[in-house]
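Student: this is a predicted model, with the sequence first.
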Amino acid sequence: MRSFEMLTAIFNVLMLGWVIFAPNKSQRGLLVGFGASAVLVLIHGFSEGMRWHMIPIYVMTIVPIVIAALRYKFKPKEVRQGTSRIRTIMITVLAFIYCSIAVALPLLLPVFTFEKPKGPYSIGTVSYDWKDNRREEIYTSAPNDKRELMVQIWYPASSASKGERTPYVAYPDLFANGYSKALNMPKPLFTSIGLVKTHAVEGAALSDKEPEYPVLLFSHSLNGAKNQNTFEIEQLVSHGYIVVGIDHTYHSTTTVFPDGRVVHFVPQESNTIDYLDKLNDKWVEDATFVLNQIEELTQHDPDNRFTGRMDLERIGMFGHSFGGATTVQMLMKDSRIKAAINMDGGLYGKLRVPADGLKKPFLMMSADDTLTGTEKMSDEYIASQGTTRADLTKFFRDTFARQESVTAGGNYLMTIKNMKHMGFSDTYLMSPLYERMEGVDIRSAHRLINDYSLDFFNHYLKQQPFKKLEQSIGDHPEFTLQKG
């Protein structure tokens, strides 16, 4: 709950209790209370933005006025002691229930915040609409429709840059609808996402502290988004990295182009490994195209922001889930990618990890829950996925078999304990209910991911000594780290 939300809620709950139960209230006291309540609501509305989750609290602002008006018009009559006691009990119970709901709504469906980045750099961001004229778009029937991607770049910004912090999503209604479909939950539960702010400033000047900055590509999960790992992206950028997030059109939750066109997620046609291998080819082509565009942007940026400022000899990549699979394929396929992190992604795609390893720096992060396969899945859940336990068990077994050599040659496998697949993204920040249901301490998990991602890239792209990774081989309360 935000600061003025909390103050408004506390004050109005106390005010309601005072109006209902305190005897001999003065007219002046009531007026002062009404005024203070109204001022708090106005400050909250202007500084933080009003939202439907706070309606019960807003109602408390006018309830005392209504009660006072009714008492003024209808003089209270004497009632018998028994009736008065029953009425008091009923009012107390109803007030308690109402206040509980009023306070619970904004707490359980908060306007979440991202932890302040720990690095020395401020953060800037810009977005691009890039079209690959060499590739046909296979997901539309429009003739000569080419593959088009929205790409967002976050970068170390000049400390002198000023401006409003950018919203987490620019089109909250569209994204609320997208998250509703993706998570199969009512749309109103996601409307507060439009009030969430990041730490980035749109169009800020690039910092001059370093002549060039290493570049990291980010690839999201199926039905994810280019900004779905803002918790991680902002931390990396604050430590001197340029991060390029790719929206894989038709496979992201929602893609909005500058001309107003909206593209929603298109469910995959199959969940077989063969299908996912073929689908991943498209994502690898997306990532390759974006890398090519980055090279052009570095040679000549029309806005003169990135010209000569991206270090193309120090490029890494990271991704979540299907984006993690894309990351591994790019590490094997594209010599420009020097180091990579896969966050809980099955190794789908054309290429296989050689028995003697990847021959490039690689860190695989896995959720312990994911590695249990179907062990913890109910029969009802498996049936809802349109498959059988036997088929799904075989799917996991074949998928995990591809990971046997990921640590070969000195690479790393981190298994995070008490972790679920979506914990590698921002998703669980949307409500503490998700954390409780999934049993994940999401803030601690995010700090762990950030610390080891930064240490990994700092070592392999900036040639800095390890501070955590090499020192943490073995079993720990929060994770297990293996090295090949």
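Tutor: Now that the structure is in, tell me what you want to look at. Numbering: from 1, shown residues only.
Student: where do the strands sit along the protein?
Tutor: According to DSSP state E, the chain carries its strands in the segments 122-136, 146-157, 165-167, 197-202, 213-219, 242-247, 254-256, 262-264, 310-320, 337-343, 362-367, 412-416, 474-475, 479-483.
Student: tell me which other helices or strands the third one touches.
Tutor: When contacts are defined as 3 or more C-beta pairs under 8 Å, 6 or more residues apart in numbering; DSSP states H and E, strand 165-167 sits against strand 197-202. Bear in mind the C-beta positions are built from the backbone N, C-alpha and C, glycine included.
Student: now do the strand it packs on against strand 122-136, angle only.
Tutor: Following axes from the mean of the first three to the mean of the last three C-alpha atoms, to 10 degrees, one obtains 80 degrees for the angle between strand 197-202 and strand 122-136.
Student: quick one: closest of the strands of the chain to Leu70.
Tutor: Proximity to Leu70 (C-beta to C-beta) singles out strand 197-202 among these, at 41.3 Å.
Student: just give the number of residues close to Asp173.
Tutor: Close neighbours of Asp173, defined as other C-beta atoms under 10 Å, add up to 13.
Student: do Thr198 as well
Tutor: Using other C-beta under 10 Å, Thr198 has 21 other residues around it.
Student: pLDDT at it, what is it?
Tutor: Looking at Thr198, its pLDDT reads 97.
Student: kindly report the same for Arg71.
Tutor: For Arg71, the model assigns a pLDDT of 64.
Student: gap between Arg436 and Lys468?
Tutor: To Lys468, Arg436 is 29 Å away according to C-beta to C-beta, to the nearest Å.
Student: run a quick neighbour tally on Met330.
Tutor: As a burial measure, Met330 scores 24 neighbours (other C-beta under 10 Å).
Student: can you name the residues that contact the residue positioned nearest the centre of the chain?
Tutor: By C-alpha atoms, centre = their mean, the chain has its centre lying nearest to Asp426, at 2.2 Å. Applying C-beta atoms under 8 Å, 6 or more residues apart in numbering to Asp426 gives the contacts 227-231.
Student: sorry, back to before: redo the strands of the chain as JSON lines? Include distance to Lys462.
Tutor: Below are those laid out as JSON lines (distance: least, C-beta to C-beta, whole Å):
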{"stretch": "strand 122-136", "distance to Lys462": "18"}
{"stretch": "strand 146-157", "distance to Lys462": "13"}
{"stretch": "strand 165-167", "distance to Lys462": "27"}
{"stretch": "strand 197-202", "distance to Lys462": "22"}
{"stretch": "strand 213-219", "distance to Lys462": "7"}
{"stretch": "strand 242-247", "distance to Lys462": "13"}
{"stretch": "strand 254-256", "distance to Lys462": "32"}
{"stretch": "strand 262-264", "distance to Lys462": "37"}
{"stretch": "strand 310-320", "distance to Lys462": "7"}
{"stretch": "strand 337-343", "distance to Lys462": "11"}
{"stretch": "strand 362-367", "distance to Lys462": "15"}
{"stretch": "strand 412-416", "distance to Lys462": "17"}
{"stretch": "strand 474-475", "distance to Lys462": "25"}
{"stretch": "strand 479-483", "distance to Lys462": "20"}
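Student: and of these, who's closest to Leu189?
Tutor: strand 254-256 (16.2 Å).
Student: who does the closest one pair up with?
Tutor: strand 262-264 (antiparallel) (DSSP bridges).
Student: picking that back up, please pick the buried ones from the contacts of Asp426.
Tutor: By neighbour count, with 16 or more other C-beta atoms under 10 Å, the contacts of Asp426 hold 227-231 as buried.
Student: out of those, which are inside helices?
Tutor: The helices, defined by DSSP state H, take in 230-231 from the buried ones among the contacts of Asp426.
Student: which of the buried ones among the contacts of Asp426 sit farthest apart?
Tutor: The widest separation within those (C-beta to C-beta) is 10.2 Å, between Asn227 and Phe231.
Student: Val32 and Phe11, how far apart?
Tutor: Separation of Val32 from Phe11 (C-beta to C-beta): 12 Å.
Student: of the two, who's got more company?
Tutor: Neighbours of Val32 and Phe11, each counted by other C-beta under 10 Å, are more numerous for Phe11; the result is 19 against 11.
Student: show me what contacts the more buried one?
Tutor: 36-37, 40.
Student: same question for Pro361.
Tutor: Residues near Pro361 by C-beta under 8 Å, 6+ apart: 338-340, 411, 456, 459-460.
Student: I'd like the residues you listed as a markdown table, with neighbour count and pLDDT appended.
Tutor: Formatted as a markdown table, these follow (neighbours: other C-beta atoms under 10 Å; pLDDT from 0 to 100):
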| residue | neighbour count | pLDDT |
| --- | --- | --- |
| Lys338 | 18 | 98 |
| Ala339 | 22 | 98 |
| Ala340 | 30 | 98 |
| Asn411 | 22 | 98 |
| Phe456 | 24 | 98 |
| His459 | 18 | 98 |
| Tyr460 | 21 | 98 |
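Student: ok, those residues vs Phe318, which is closest?
Tutor: Ala340 (6.5 Å).
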